[in-house]
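Student: Have a look; sequence and predicted model below, questions after that.
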Amino acid sequence: MGSKTLRERAAGLGMKAMTKLFEDPKRAEAIATAIGGLQKAKAAIDEAQEKALRAVGLVTREDFKGAGKRLSALKRRCRELAEELDQLLEQKKGP
């Protein structure tokens, strides 16, 4: 047992605890229901936060993601245009 790392021992104990916790079907169902409820609550909070931010004119997480994607697309297009321009300049310089 001395050869196992602390992480391996902790993972083993965690798995043992989870197995014990979920061995009763009623308890497992109750835990799943609780987790589902927490996920719904988080979604509701996220939605309320987004509405509040929009109401006061601030940007949301989704706004940032969208802007980031658009910025990436613009950078990619700039690189493409720069390459095309370089090729045209090379052709013009040619023989």
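Tutor: Structure's in. What do you need? Numbering: from 1, shown residues only.
Student: Quick one: mean pLDDT over whatever helix or strand residue 19 lives in.
Tutor: Element membership for residue 19, per DSSP states H and E: helix 6-22. The pLDDT scores in helix 6-22 average 93.
Student: and residue 93, what pLDDT?
Tutor: 84.
Student: gap between it and residue 87?
Tutor: 11 Å (C-beta to C-beta, to the nearest Å). No exception for glycine: its C-beta is placed from N, CA and C like everyone else's.
Student: what's the neighbour count on residue 46?
Tutor: Residues lying near residue 46 (other C-beta atoms under 10 Å) number 13.
Student: Can I get the helix holding residue 19 in PDB? Just the C-alpha atoms.
Tutor: Provided in PDB are the C-alpha atoms of helix 6-22 (Å, rounded to 0.1, in the frame of the first residue of the first chain):
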ATOM      1  CA  LEU A   6      -1.800  10.200  -2.000                       C
ATOM      2  CA  ARG A   7      -3.900  11.000  -5.100                       C
ATOM      3  CA  GLU A   8      -4.500   7.300  -5.900                       C
ATOM      4  CA  ARG A   9      -5.500   6.600  -2.300                       C
ATOM      5  CA  ALA A  10      -7.900   9.600  -2.200                       C
ATOM      6  CA  ALA A  11      -9.400   8.500  -5.500                       C
ATOM      7  CA  GLY A  12      -9.800   5.000  -4.200                       C
ATOM      8  CA  LEU A  13     -11.500   6.200  -1.000                       C
ATOM      9  CA  GLY A  14     -13.700   8.500  -3.100                       C
ATOM     10  CA  MET A  15     -14.800   5.700  -5.300                       C
ATOM     11  CA  LYS A  16     -15.500   3.500  -2.300                       C
ATOM     12  CA  ALA A  17     -17.600   6.300  -0.700                       C
ATOM     13  CA  MET A  18     -19.600   6.900  -3.900                       C
ATOM     14  CA  THR A  19     -20.300   3.200  -4.300                       C
ATOM     15  CA  LYS A  20     -21.600   3.000  -0.800                       C
ATOM     16  CA  LEU A  21     -23.600   6.200  -1.200                       C
ATOM     17  CA  PHE A  22     -25.300   5.000  -4.400                       C
END
